[in-house]
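Engineer: with the sequence up front, the predicted model follows.
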Amino acid sequence: MTGSEVPPAFRLAYVPGVTPTKWVRIWNERLPGTPLTLVGVPSAEAAGLLRDGGADAGFVRLPVDRTDLSAIPLYTETTVVVMPKDHAATAVEEMAAEDLAEEIVLHPLDDPLDWERPPGRPAFERPATTEDAVELVAAGVGLLVVPQSLARLHHRKDLTYRPLAGVPGSQIALSWPEEKTTDLVEEFIGIVRGRTVNSTRGRAPTPPQPKAKRADKKSGAPRKPAAGKTSRGGSGGSGGAKNPKGGAKRGKPRRRP
């Protein structure tokens, strides 16, 4: 490599709440000569970043427009309700959407959940971000429904959360521009899907080796008779001539001279 050449690099985008540490570690172990750069991006801007070439691939929240983007769904997050630690709902282990009917539920503009109609009573104004909504929950303005990873990301000592049943979950996927499925993108797909370093993907399988043929009846070669035995019908045996009944004919003992 000359001083003017730059080694290839891989840019990986990720939305808030996703922790790509495990996959980055495996990449660094397998491709130590190819640096991986992480690019944090808001959920609403992730698809545009991939289309504009700002990253080679990225962890995004579905749905995305698959007209020009490929996507592999990975997992669906649990949806939770963020609330103050002294809220009455902390007495239960899980909540239902009906439990929020009389509660003010904040609905930030960057809400990643695909609601047909958010639960609870709407606040007077929608917060700009999830982070802003968390601050309002801490101030006692209302509650917040988010994917569990975002509740953990914006954790505060004075807040807690409970799972919310019967509502949409946020699905995380690996996405990339379909027309830019490079070798490095394929390599990262393999890592995310759990392929080992010795995976045979893209390699021709080794043909099975033929078994050695035995020198027996199957191969047409005659077997040798066992030691001390004669083959049937042979003339060189020690049994002598046979009588008509099939038994061996005994001779009279000779007298000594």
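Structural biologist: Looks like it came in fine. Residues are numbered from 1 along each chain as shown.

Engineer: who are the contact partners of Ala55?
Structural biologist: Contact analysis of Ala55 by CB atoms under 8 Å, 6 or more residues apart in numbering lists Arg11, Leu12, Ala13, Val39, Val41, Leu49. C-beta here means a position set from N, CA and C on the backbone, and glycine is covered the same way.

Engineer: which residue ranges form the helices in this structure?
Structural biologist: Applying DSSP state H to the chain gives helices spanning 21-30, 46-51, 130-138, 148-153, 183-192.

Engineer: roughly how far is the second one from the heart of the chain?
Structural biologist: Spelled out, that is helix 46-51. Distance, stretch centre to chain centre, for helix 46-51: 23 Å (CA atoms, centre = their mean, to the nearest Å).

Engineer: can you give me the buried ones in stretch 45-61?
Structural biologist: Within stretch 45-61, the residues that count as buried by 16 or more other CB atoms under 10 Å are Ala46, Ala47, Leu49, Leu50, Ala55, Asp56, Ala57, Gly58, Phe59, Val60, Arg61.

Engineer: reformat the residues you listed as CSV; add distance to Pro147.
Structural biologist: As requested, the buried residues of stretch 45-61 are exported to CSV (distance: CB to CB, whole Å):
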residue, distance to Pro147
Ala46, 15
Ala47, 18
Leu49, 20
Leu50, 21
Ala55, 21
Asp56, 25
Ala57, 21
Gly58, 17
Phe59, 13
Val60, 13
Arg61, 8
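
Engineer: in these, find the pair that's most separated.
Structural biologist: Largest separation among the buried residues of stretch 45-61 by CB to CB: Asp56 and Arg61, giving 18.5 Å.

Engineer: filter the contacts of Ala55 down to the buried ones, PyMOL style.
Structural biologist: A single PyMOL command selects the buried members of the contacts of Ala55 (16+ other CB under 10 Å):
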select buried, resi 11+12+13+41+49
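
Engineer: filter the contacts of Ala55 down to the ones in strands?
Structural biologist: Arg11, Leu12, Ala13, Val39 (DSSP state E).

Engineer: and of those residues, the nearest to Asp111?
Structural biologist: Nearest to Asp111 among the ones in strands among the contacts of Ala55, with distances taken as CB to CB, is Ala13, at 19.8 Å.

Engineer: in contact with that closest one, which residues?
Structural biologist: When contacts are counted by CB under 8 Å, 6+ apart, Ala13 touches 38-41, 46, 49-50, 54-55, 57-60.

Engineer: now for Ala57: which residues touch it?
Structural biologist: Going by CB under 8 Å, 6+ apart, the list of residues near Ala57 reads Phe10, Leu12, Ala13, Leu50, Leu174, Ser175, Trp176, Val185, Phe188, Ile189.

Engineer: what would the contacts of Ala13 look like in CSV with distance to Leu144?
Structural biologist: As requested, these are exported to CSV (distance: CB to CB, whole Å):
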residue, distance to Leu144
Leu38, 27
Val39, 26
Gly40, 21
Val41, 22
Ala46, 21
Leu49, 26
Leu50, 28
Gly54, 29
Ala55, 29
Ala57, 30
Gly58, 25
Phe59, 22
Val60, 22
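
Engineer: residues contacting Lys180?
Structural biologist: Per CB under 8 Å, 6+ apart, neighbours of Lys180: Gly53, Asp56.

Engineer: same check on Thr181?
Structural biologist: Thr181 sits in contact with Ser70, where contact means CB under 8 Å, 6+ apart.

Engineer: pLDDT wise, what is it at?
Structural biologist: According to the prediction, Thr181 has pLDDT 95.

Engineer: ramachandran angles for it?
Structural biologist: phi -80, psi 80 (degrees, to the nearest 10).

Engineer: what residue is smack in the middle of this protein?
Structural biologist: Most central in the chain under CA atoms, centre = their mean is Arg193, positioned 3.4 Å from the mean C-alpha point.

Engineer: tell me the contacts of that residue?
Structural biologist: Arg193 neighbours (CB under 8 Å, 6+ apart): Ile72.

Engineer: against Trp23, how distant is it?
Structural biologist: Between Arg193 and Trp23 the computed distance is 10 Å (CB to CB, to the nearest Å).
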